[in-house]
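> model this:
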Amino acid sequence: MRVGIEVGGTFTDLIEIRDGVARVAKVPSTPHQPDIGALDAIDAAGIDLKSVTDLVHGSTVATNAVLERKGGRVCVFVTTGTRDLFMLQRHDRRAIYDLNYAKPQPIVSREDICEIDERLGADGTVVRALDGAAVDARVAQFIGAGTFDAVAICLLHSYVNPDHERRIADAVKRHAPDLPVTCSCDVSREFREYERASTTALAAFVQPVIEGYLNRLETTLEARGFAGRFSIMQSNGGRMPASAMSKNAISALFSGPAAGVIGALGLAGRSGYDDIITLDMGGTSTDVSLIAGGAPDLTPQTEIDGLPVRTPVIDIVTVGAGGGSIAWMDDGGLLRVGPRSAGAHPGPASYLRGGTDPTVTDAHLVRGTLQAGSFLGGAMKVDPKAASAALEPLSGTLAVSVEELADSVIRIAESNIVRAIQQVSTERGHDPRDFALVPFGGAGPLHAARVAEELGIDTVVVPTNAGVLSAAGLLMSDYVHYRSQTERTRLDDDARVTIISRLSDLREQATTYLRSAGVVEDLSYQHILEMRYVGQAFEVSVTLDGALCDLTVEAISHAFSAAHHRVFEFSKPPEDPVEIVSFRIGATATANAFPIYHDASSDAEEVAPVHIDIIEGGARLRCRLLARHAIKNAQIAGPLLVEDGTSTIYVPPDWRARRDATDSVILEREG
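Residues are numbered from 1 along each chain as shown. Model (predicted):
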């Protein structure tokens with residue numbers, strides 16, 4: 001038996017696959033202690049953990065720790081003269097017309113930053129040597145003066161020469177052996193001091209939270225008889241054994257959204273769609289990503305709450321447009337939806353848990369596109385009257401009916417999603433009409449067809465068990481680990497030896513790390529160079545094809561020119577000087593192949609369709625309500641609501657639905 005559990009902001013999803021049959025569970029999340037939600041999902045599915053051989057987990061624990069500033073107190077050691085690095089940040093201004101603009105709040109306070117008298121040059125040579133005795137005394141004094149939960153060490157140019165960081169780490173371990181220590185040379189061996197320092201501090205900040213969370217969960221799992229393999233999803237779309245997360249917790253920052261992309265790619269690919277745009281709409285937010293040619297794009301850097309994180313992540317754009325997003329009126333009298341969310345507690349008003357704000361879920365219940373009796377397959381009770389009552393104050397202020405307001409709330413949420421998809425498609429040189437839209441999450445399939453219309457997309461692919469697809473994506477993931485190293489290298493005839501040497505070194509480091517983490521499967525490698533024209537401020541990622549021994553400078557030059565043109569719509573003549581800034585290796589070990597499976601609910605008996613009324617665009621539509629297993633290969637015209645227990649698919653007029661051989665529901669627009 002294989003089990004995937006994904007903890008979201010509102011619901012915790014579980015998928016269990018045994019003997020080619022999938023069974024799912026979806027329970028409310030418990031934000032105050034997410035491991036309880038994971039265990040609740042196991043109990044709801046009736047799983048005997050003694051039978052589970054592979055359990056993969058993804059959660060928002062690290063994300064929430066940063067957003068809510070509930071990580072550990074971090075002591076940071078830096079080079080003398082750089083104490084204010086976290087406060088100065090970059091000299092950019094994100095909102096140039098906001099008179100009250102303030103830079104993102106650092107996760108470390110100035111009094112918790114300790115300067116060490118040392119200095120390395122940009123080439124790693126020692127400019128000011130480290131005095132071992134002075135460092136020992138300084139570390140003992142500073143750590144003894146405060147109550148810290150973790151230590152971060154980030155010295156100037158340590159990405160070239162990590163010796164000083166290692167010596168400070170040794171001193172910390174002598175005086176405080178129980179404190180977890182995070183060195184920048186282990187987290188991000190790349191230049192740009194602020195980004196590297198931010199990543200290191202964030203890694204240390206979430207480390208105690210992740211360790212405590214995983215320790216509680218592992219202890220409970222073992223007490224219940226679990227003896228299988230336990231892995232954690234990473235932001236890069238790969239998993240790692242849970243034991244390895246104690247060394248690099250920052251890699252799990254966006255594990256849930258990444259799992260959804262991997263799940264969408266796997267199931268849509270089986271239906272023959274390799275060029276897709278994913279739409280993951282849950283209770284709190286919507287995540288979108290574009291996949292061209294069957295491979296998700298990785299970006300070397302992302303942000304959380306305005307703070308940079310220098311680690312490879314799947315390129316995902318998030319907007320505050322989930323089922324729990326709250327509808328409100330701004331100072332100009334305009335209706336807005338999100339980004340504030342009702343979350344899991346209290347949740348939408350219709351959940352009857354104390355929530356009073358009108359949400360997207362409440363709007364669907366009023367409009368009729370969600371049916372109270374079949375919410376989560378009937379396992380969760382919701383109240384349409386409470387939903388209507390929550391919308392009434394706003395409808396009175398705007399002088400429209402509750403039904404009209406509900407329809408407007410949904411359309412605004414869809415507009416927010418459209419703008420997010422444009423960020424990953426048209427704004428990056430891709431025509432969304434060339435892609436199929438793959439919606440999932442509890443609310444994604446409800447909005448997908450109308451979002452597709454706005455973008456000119458004619459095909460929507462709704463995978464089986466779309467509401468828990470992120471949990472399925474966990475089981476589709478491979479073991480993945482990235483290693484990088486900044487070393488500026490001019491791309492000339494003499495560069496080939498250096499390139500092969502650096503990439504080979506990184507391969508060896510990645511292999512050693514994975515083997516030490518208990519990954520024994522065969523490895524494959526991806527070779528990536530961060531390159532730019534000499535004089536440019538930022539670089540583009542260039543993925544190299546073929547074996548290292550076959551690399552040529554000419555092939556690398558052509559690959560860079562093509563990548564640069566794809567991003568910036570131009571490339572310079574071949575004689576213009578080019579440089580490599582950083583080398584990166586991705587090592588992948590294929591986990592157990594994800595099995596072909598069918599949903600247990602697809603064997604259910606057919607029930608005669610029910611007709612209901614829904615409100616859309618100011619009109620009342622007579623709509624058929626069907627179970628997903630009732631959709632056959634023959635096309636069925638909308639308007640139609642299709643339920644599968646984890647989500648509801650809305651098929652508008654002028655769209656048709658069919659179910660393919662892989663159990664996905666395919667929506668195609670007429671004309």
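> Ser51 reaches Val3, doesn't it?
No. With contacts counted by Cβ atoms under 8 Å, Ser51 stays clear of Val3, the gap being 9.6 Å. Every residue, glycine included, has its C-beta placed from N, CA and C.
> compare these two (neighbour count), which wins?
Val3 (28 against 13; other Cβ atoms under 10 Å).
> run through the bridge partners of that one.
Per DSSP bridges, the residues bridged to Val3 are Glu16, Leu55.
> quick one: contacts for it?
Residues near Val3 by Cβ atoms under 8 Å, 6 or more residues apart in numbering: Leu14, Ile15, Glu16, Ile17, Ile42, Ile47, Val52, Asp54, Leu55, Val56, Leu475.
> most neighbours among the residues you listed, which one?
That'd be Ile15 among the contacts of Val3, by other Cβ under 10 Å, with 30 neighbours.
> got any ranges where this structure has weak pLDDT?
Along the chain, the parts satisfying pLDDT under 70 run over 246, 344, 376-378, 592-608.
> for the stretch 351-500 of the chain, just list every one of the helices.
Here the stretch 351-500 of the chain has its helices, by DSSP state H, counting those that start in this stretch, at 360-367, 384-398, 402-424, 444-455, 469-476, 495-516.
> which one of those helices lies closest to Gln33?
helix 469-476 (19.4 Å; Cβ to Cβ).
> got the angle for the closest one vs helix 444-455?
100 degrees (axes from the mean of the first three to the mean of the last three Cα atoms, to 10 degrees).
> returning to what we had before: dump the helices of the stretch 351-500 of the chain into TSV; add distance to Asp92 as well.
TSV is the format used below for the helices of the stretch 351-500 of the chain (distance: least, Cβ to Cβ, whole Å):
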stretch	distance to Asp92
helix 360-367	33
helix 384-398	37
helix 402-424	19
helix 444-455	31
helix 469-476	33
helix 495-516	31
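> between those helices, which gets nearest to Gly225?
helix 469-476 (20.4 Å).
> list of residues touching that closest one?
Residues outside helix 469-476 that contact it (Cβ under 8 Å, 6+ apart) are 2-6, 8, 13-15, 17, 22, 24, 54, 56-58, 233, 239, 256-267, 280, 440-441, 463, 465, 594.
> could you tell me how many residues sit around Gly467?
Neighbour count for Gly467, taken as other Cβ under 10 Å: 24.
> please apply the same query to Ile614.
22.
> name the residues of the helix or strand encompassing it that are buried.
In this assignment (DSSP states H and E), Ile614 forms part of strand 610-616. Neighbour counts over strand 610-616 (16 or more other Cβ atoms under 10 Å) mark Ile614, Ile615, Glu616 as buried.
> with stretch 393-404 instead?
Residues of stretch 393-404 classed as buried: Leu394, Ser395, Val400, Val402, Glu403, Glu404 (neighbour count, 16+ other Cβ under 10 Å).
> beta partners for Val21?
As for beta bridges, Val21 partners with Arg18, His598 under DSSP bridges.
> do the same with Tyr650
Counting by DSSP bridges, Tyr650 forms beta bridges with Leu641.
> likewise Ile232?
His57, Met240.
> isn't it right up against Val61?
No. Ile232 lies out of contact with Val61 (Cβ under 8 Å); the separation is 10.0 Å.
> joint contacts of the two?
Here Ile232 and Val61 have Ala252 as joint contacts, going by Cβ under 8 Å, 6+ apart.
> more neighbours, those two?
The neighbour comparison of Ile232 against Val61 (other Cβ under 10 Å) goes to Val61, with 26 against 23.
> residues contacting that one?
Neighbour list for Val61: Val7, Pro34, Val206, Val209, Ile210, Tyr213, Ala252 [criterion: Cβ under 8 Å, 6+ apart].
> just the buried ones out of the residues you listed, please.
By 16+ other Cβ under 10 Å, the contacts of Val61 give Val7, Pro34, Val206, Val209, Ile210, Tyr213, Ala252 as buried.
> now the two most distant members of these.
It's Val7 and Val206 that sit farthest apart of the buried ones among the contacts of Val61, by Cβ to Cβ, at 14.9 Å.
> now do the strands in the stretch 151-300 of the chain.
Assigned by DSSP state E, counting those that start in this stretch, the strands in the stretch 151-300 of the chain fall at 181-183, 229-233, 239-241, 276-281, 286-292, 295-296, 298-299.
> follow-up on the earlier one: keep only those of the contacts of Val61 that are in helices.
Judged by DSSP state H, the contacts of Val61 include Pro34, Val206, Val209, Ile210, Tyr213 as members of helices.
> looking at these, spot the one nearest Glu521.
Ile210 (24.3 Å).
> so who does the closest residue to the closest one other than its chain neighbours touch?
In this structure, Ile210 finds its nearest non-sequential neighbour in Ala249, 3.9 Å apart by Cβ to Cβ, 6 or more residues apart in numbering. The contact partners of Ala249, by Cβ under 8 Å, 6+ apart, come to Ala62, Ala203, Val206, Gln207, Val209, Ile210, Glu211.
> what does Val451 give?
Leu279, Glu414, Ile417, Val418, Ile421, Leu437, Pro439.
> next, count neighbours for Ala258.
Residues near Ala258, counting by other Cβ under 10 Å: 29.
> ends of stretch 73-83, what's the gap?
This stretch, stretch 73-83, spans 17 Å end to end (Cα to Cα, to the nearest Å).
> over to stretch 462-477?
20 Å.
> figure out how far that stretch is from the centre of its chain.
Offset of stretch 462-477 from its chain centre (Cα atoms, centre = their mean, to the nearest Å): 14 Å.
> what does stretch 368-379 give?
Distance, centroid of stretch 368-379 to centroid of chain: 28 Å (Cα atoms, centre = their mean).
> can you give the contact residues for it?
Residues from elsewhere that reach stretch 368-379 (Cβ under 8 Å, 6+ apart): 26, 350, 361, 364-365, 381-384, 410, 446, 612-616, 623, 625, 641, 643, 645-646, 648, 650.
> number of nearby residues for the residue nearest to Ala292 when sequence neighbours are not counted?
Leaving aside its sequence neighbours, Ala292 sits nearest to Asp275 (Cβ to Cβ, 6+ apart; 5.5 Å). For Asp275, the neighbour count with other Cβ under 10 Å is 14.
> what about the nearest residue in space to Ser415 that is not next to it in sequence, neighbour count?
Excluding the flanking residues, the one nearest Ser415 by Cβ to Cβ, 6+ apart is Glu454, at 7.6 Å. Counted by other Cβ under 10 Å, the residues lying close to Glu454 total 16.
> ok now do the closest residue in space to Phe142 that isn't next to it in sequence, which residues does it touch?
Once flanking residues are discounted, Phe142 sits nearest to Cys114: 4.4 Å by Cβ to Cβ, 6+ apart. Neighbour list for Cys114: Cys75, Val76, Phe77, Val78, Arg138, Val139, Phe142 [criterion: Cβ under 8 Å, 6+ apart].
> now the residues you listed in TSV, with distance to Thr588 and neighbour count?
Putting these into TSV (distance: Cβ to Cβ, whole Å; neighbours: other Cβ atoms under 10 Å) gives the following:
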residue	distance to Thr588	neighbour count
Cys75	35	26
Val76	33	28
Phe77	34	27
Val78	35	25
Arg138	42	18
Val139	38	24
Phe142	41	20
